[in-house]
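J.: Give the three-dimensional model of this entry:
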Amino acid sequence: MKVLWNEQIIDESKVKIDLEDRGYQFGDGIYEVIRIYDGCMYMEKEHLDRFWESAQKIRMTLPFTQVELSQRLHRLANEVGIENGRIYFQVTRGVAKPRLHDFPDSAVVQPVLLADIQPVSRPSVKQNLGIRAGFVEDRRWLHCDIKSISLLGNLLALDEAKQKGFEEAVLLREGFVTEASASNLWMVKDGILYTHPDGQLILPGITKMKIRELTKALGIEVKEVAFTKKELLAADECFKTSSVAEIVPIIEIDKQKIGDGMPGKVTKRILKAYIEAINLFVQAHRNEK
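T.: Next up, the predicted model:
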């Protein structure tokens, strides 16, 4: 498989990670994942904007412009030729010797870019049937708004949920629901859609951004307020969102049914609108060609 390595597209077997790359040693880097539908990168600009915001938050100067990065990613996509998948790209702060905790001089140490593309299909079975989740304490750091490559806290939460026999973790911080292990979380109560407000406790989702737009058109009221474990268990519906998973209903948490234990009507309406928005995007992209 071909990958993007800085400015070059090379075979992945030729990529060599330096022992003292700060991403390898410190988790000092950021990443993004963009969904590809029929050869088109969905919400690319929004993902790139968030990537730049993450870079600013960790005080990293990227050695390319958004246009230049976009061009490299599209070169890779054309080379690999996967029509439906996801493109993952990350930048580490670079190789600095000797190993020190201090940020190295950005004029001397250049960030390292890596990107690859893997096939992904829509999780239709999970979208139709829903998944089961479990509550896990949110023990992550307080910079969850940064899309950092250091994801150990998320991995531990998901593993804890899976050890209990669940497919997903619903994270709790001081009694309030924040998000899922790698997705934004939503609940529906009396026809109103609730989700945790953006800030340092959650990642500002790109799919979340699109849902704000879609629900406005659908006439669904959205309240971005923190809600409790008790409120979530009393909800009519629950679902999670991410670029790769899209929209997946959560029908049970800690073995307690959410609503009637089936994907709800509001969730289905939003999922239908989301898929329609993707199809319109793909059609518009084709027409431009």
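J.: can you tell me the distance between the two ends of stretch 5-21?
T.: Taking C-alpha to C-alpha, to the nearest Å, stretch 5-21 runs 14 Å from one end to the other.
J.: quick one: the helices in this protein?
T.: Under the criterion DSSP state H, the chain contains helices at 22-26, 44-57, 66-80, 124-129, 152-163, 206-218, 229-233, 265-288.
J.: Adding distance to Arg86 and mean pLDDT as columns, could you present the ones you listed in a markdown table?
T.: Heads up, the C-betas are built off the backbone N, CA and C, glycines and all. Putting these into a markdown table (distance: least, C-beta to C-beta, whole Å; pLDDT from 0 to 100) gives the following:
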| stretch | distance to Arg86 | mean pLDDT |
| --- | --- | --- |
| helix 22-26 | 20 | 97 |
| helix 44-57 | 11 | 98 |
| helix 66-80 | 11 | 98 |
| helix 124-129 | 16 | 98 |
| helix 152-163 | 17 | 98 |
| helix 206-218 | 12 | 98 |
| helix 229-233 | 28 | 98 |
| helix 265-288 | 14 | 94 |
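J.: can I see the domain layout of the chain?
T.: Here the domain parsing of the chain from automatic domain parsing is 2-119, 124-279.
J.: residue contacts, Pro63?
T.: Residues near Pro63 by C-beta atoms under 8 Å, 6 or more residues apart in numbering: 110-111.
J.: how does it look with 10 Å?
T.: Neighbouring residues of Pro63 by C-beta atoms under 10 Å, 6 or more residues apart in numbering: 6-7, 69, 91, 94, 106, 110-113.
J.: ok so, going back, want to try a markdown table for the helices of the chain, with distance to Ile36 and mean neighbour count as columns?
T.: Formatted as a markdown table, the helices of the chain follow (distance: least, C-beta to C-beta, whole Å; neighbours: other C-beta atoms under 10 Å):
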| stretch | distance to Ile36 | mean neighbour count |
| --- | --- | --- |
| helix 22-26 | 24 | 19 |
| helix 44-57 | 10 | 18 |
| helix 66-80 | 7 | 16 |
| helix 124-129 | 17 | 14 |
| helix 152-163 | 23 | 16 |
| helix 206-218 | 14 | 17 |
| helix 229-233 | 32 | 15 |
| helix 265-288 | 10 | 15 |
